[in-house]
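**Student:** 3D, please:
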Amino acid sequence: MNNLTKSNFFRIAAALCLLCCLVLTGCSTVPSGKDSGFTLDAQNGIYRVTAVPYGSHSKQKFDIYLPLDYQSKENLDIFVCIHGGSYFRGDRYDMNDLYLDMVKNHGVAVATMDYRLVSPTNNFFLKEMFEDVCSAIDKIASVCNENDLKIDKAALMGFSAGGHFALLYSYTMIEKCPFDLVFCVDYVGPADLTDEAFLAKTEEKRFEQLGKLFKKRLGVKDIKDAIPYFKEYSPIEYVTPSIIPTICAYGMKDEIVPFSICESFKKKLDECGCTYELTVFPNSNHGLDAPEDAPLQVVVAEQIQDYMKKYF
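**Tutor:** Reported below is the predicted structural model:
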């Protein structure tokens, strides 16, 4: 298996910055000859099925990408990927270059989902978002079965808010997951939503409007009054010695997900004797993109490669 390239992991870092978003370019497609649901994306060198609905909302859709030689494989491993965006922005195309690289150069399937987001015009929050993640994964498995795709092992990968949901699903839904879920990759996910520094972000000027929206959504005047709700959706609350292996990456100078979350998460993982890899980017903000930390992108890439070799 080739090493994941350094350039692709710089794209990961860039996409974690909340104002940056990659847009999927158009491509030509032709029928695959085996599965009517999948078409050949000749431009990118993969097979894909796109915008598969798992609910009635416009955001409840996902894509599945397959390697060109999938028809000759007895089975496939799959990454299910969840985008970030502070719960109010982002979409399933944010990390598209990375997903294409994984499919073309590492022979895995990739599924990437959208989910309902917080906005002033709806009542969605963590409960509804996590329900979407669960429903999407069930539907992804259903589509694979319907198209006679034999999935061997699965991993979850998430970025920021998506890292939060990837952890939460991995630690709470393992028995109900339709796939054999074997590890999780978390990039700067807020593992503890009750962290004081994290809750204090809602009072900062740059997050003021989002904080007001969260408080309105939760029906509280002080965000700390919603701690029971946040606790229910905090992955750290579900860490036990039996959780699946986890790869984590956090920035020590993160201004969105405070480093104190990383510290408490690590402490809990250590107390429970969990199998995990943690890479701390000492000079990086939320995007993990400080030039001095560039070698650490390769470290995380190698950890993912090692986990693929060991658990897939």
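
**Student:** going along the chain, name the strands of this structure.
**Tutor:** With strands called from DSSP state E, the chain shows them at 29-31, 39-41, 46-53, 61-67, 76-82, 109-113, 151-159, 181-187, 246-251, 276-281.

**Student:** pLDDT score for Asn8?
**Tutor:** Looking at Asn8, its pLDDT is 48.

**Student:** what's near enough to touch the residue nearest to Phe124 when sequence neighbours are not counted?
**Tutor:** Closest residue to Phe124 apart from its sequence neighbours, by Cβ to Cβ, 6 or more residues apart in numbering: Arg116 at 4.5 Å. The way it works is simple: take the backbone N, C-alpha and C, and place the C-beta from them, glycine included. Counting by Cβ atoms under 8 Å, 6 or more residues apart in numbering, Arg116 touches His57, Lys59, Gln60, Asn122, Phe124, Glu128, Met129, Asp132.

**Student:** residues in contact with the nearest residue to the third one once chain neighbours are set aside?
**Tutor:** Setting aside the residues directly before and after it, Gln60 is nearest to Tyr54 in space (Cβ to Cβ, 6+ apart), at 5.2 Å. Tyr54 is in contact with Gln60, Lys61, Phe62, Met113, Asp132, Ser135, Ala136, Asp138, Lys139, Ile140, counting by Cβ under 8 Å, 6+ apart.

**Student:** what subset of these is buried?
**Tutor:** Among the contacts of Tyr54, those scoring as buried are Gln60, Lys61, Phe62, Met113, Asp132, Ser135, Ala136, Lys139, Ile140 (criterion: 16 or more other Cβ atoms under 10 Å).

**Student:** sorry, back to before: list just the nearest of the contacts of Tyr54 to Ala197.
**Tutor:** Of all the contacts of Tyr54, Asp132 has the smallest distance to Ala197: 27.5 Å, by Cβ to Cβ.

**Student:** I'd say the closest one and Ser56 touch.
**Tutor:** No: counting by Cβ atoms under 8 Å, Asp132 sits too far from Ser56 to count as a contact (11.7 Å).
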